[in-house]
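A.B. asks: Fold the following for me, if possible:
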Amino acid sequence: MSIFNKGQRSIAKKIKKGTNISNWKDWRWQLKHSIRSIEKFEFLTGIKFSEEEREDLEKTFSKFPLSITPYYLSLIDTDNYRYDPVFKQSFGSIDEMSIHDSEFKDPLAEDKDSPVEGLTHRYPDRITDNLIKILKKHQPLWINTHFNHPREITSSSKEALTMLADGGFPLGNQSVLLADINDCPRIMKSLVHKLVQHRVRPYYLYQCDLSEGLSHFRTPIGKGIEIMESLIGHTTGFAVPTYVIDAPGGGGKIPVMPNYIISWLTNKVVLRNYEGIITTYREPESYEAKFYDRNCDECNLDLQLDDADEYASLGIEKLLSDQDNTISLIPGDNLRYKKRE
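C.D. replies: Here you go, the predicted structure:
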């Protein structure tokens, strides 16, 4: 049976006398009692800010309002809060008021891809009648969690993950690479191992977006590559996420990985592994793609190609598929081609 830990009991009692574990585990209760002021935060944690710190925080919260659920507040190490990863993620900083020219209010252009409030529809495949039928039956649903640090995997979150996994929902996790929080190979390896232990597969490791006020959280891409080098080959591939940059302007997720191809000849590829061992892979002397003849209309393979008429290749895929005999992709503002018009 779930019970309060010492920190949770203290916070719950200060918020409202008579609060029980059922209240604590109710998301509605958590949202209703979210901490939205510096005074309430100080009262519940015992942390006291200086006048100078308070002035900075008031400026920050005037632009980025404070809101922390009691549960997440209970995870903060109040004795060492300045270095605590949960505190840094959930409590504002004056650094967020430094807005750089490269930052945007909507860096991924999600507002432009939102047909109705609360929904972003970006990918060409995401809504069909068949999908609607499946969703009505509630299965299969693939659920992604969001854990950035091993400290966030608590007894409560473990219980929730167990319930989801036992309910038949495949679980993934999305993390964001954050400076001074999880930009450490050992911390990230601990996180992915804890996730896999609780039947959650690490899915994406995101480079921090170019959102306003996040410059103090961003790391060089090289740090992400270092972390991937420390995971690939050093732990099971099941625990290795895909490191991606969500391209500004709605360009989608771009995978960024260490380079394991050293050289590429006509029929041979020279590769390195995670240990630095260099090896070769011999490619076939002659190869013809007979399996896939690129003619979907006349395909006699036992595949469901009902949407073949609606399928259109894009980008590099279009060049590879020989669709419409396209041989080049030319930017619309190419000056040299504009002169030809």
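
A.B. asks: Strands of the stretch 51-200 of the chain, start to end?
C.D. replies: Here the stretch 51-200 of the chain has its strands, by DSSP state E, counting those that start in this stretch, at 143-145, 171-177, 200-207.

A.B. asks: Sheet partners, orientation included, of the last one?
C.D. replies: Strand 200-207 sits in its sheet next to strand 171-177 (parallel), strand 242-247 (parallel), going by DSSP bridges.

A.B. asks: pLDDT of the last one, averaged?
C.D. replies: Read that as strand 242-247. Average pLDDT, strand 242-247: 92.

A.B. asks: just to revisit the earlier point, would JSON lines of the strands of the stretch 51-200 of the chain with mean pLDDT, mean neighbour count and distance to K32 be doable?
C.D. replies: Where C-beta positions appear, they are placed from N, C-alpha and C, glycine not excepted. Output for the strands of the stretch 51-200 of the chain, formatted as JSON lines (pLDDT from 0 to 100; neighbours: other C-beta atoms under 10 Å; distance: least, C-beta to C-beta, whole Å):
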{"stretch": "strand 143-145", "mean pLDDT": "89", "mean neighbour count": "15", "distance to K32": "23"}
{"stretch": "strand 171-177", "mean pLDDT": "96", "mean neighbour count": "20", "distance to K32": "27"}
{"stretch": "strand 200-207", "mean pLDDT": "96", "mean neighbour count": "20", "distance to K32": "28"}
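
A.B. asks: Mind putting those into JSON lines with distance to I262?
C.D. replies: Output for these, formatted as JSON lines (distance: least, C-beta to C-beta, whole Å):
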{"stretch": "strand 143-145", "distance to I262": "35"}
{"stretch": "strand 171-177", "distance to I262": "26"}
{"stretch": "strand 200-207", "distance to I262": "24"}
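
A.B. asks: any chance of the strands paired with strand 200-207 in JSON lines, plus distance to N144?
C.D. replies: Formatted as JSON lines, the strands paired with strand 200-207 follow (distance: least, C-beta to C-beta, whole Å):
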{"stretch": "strand 171-177", "distance to N144": "5"}
{"stretch": "strand 242-247", "distance to N144": "13"}
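
A.B. asks: Which one of the ones you listed lies nearest to I153?
C.D. replies: Closest of the strands paired with strand 200-207 to I153 is strand 171-177, at 9.9 Å (criterion: C-beta to C-beta).
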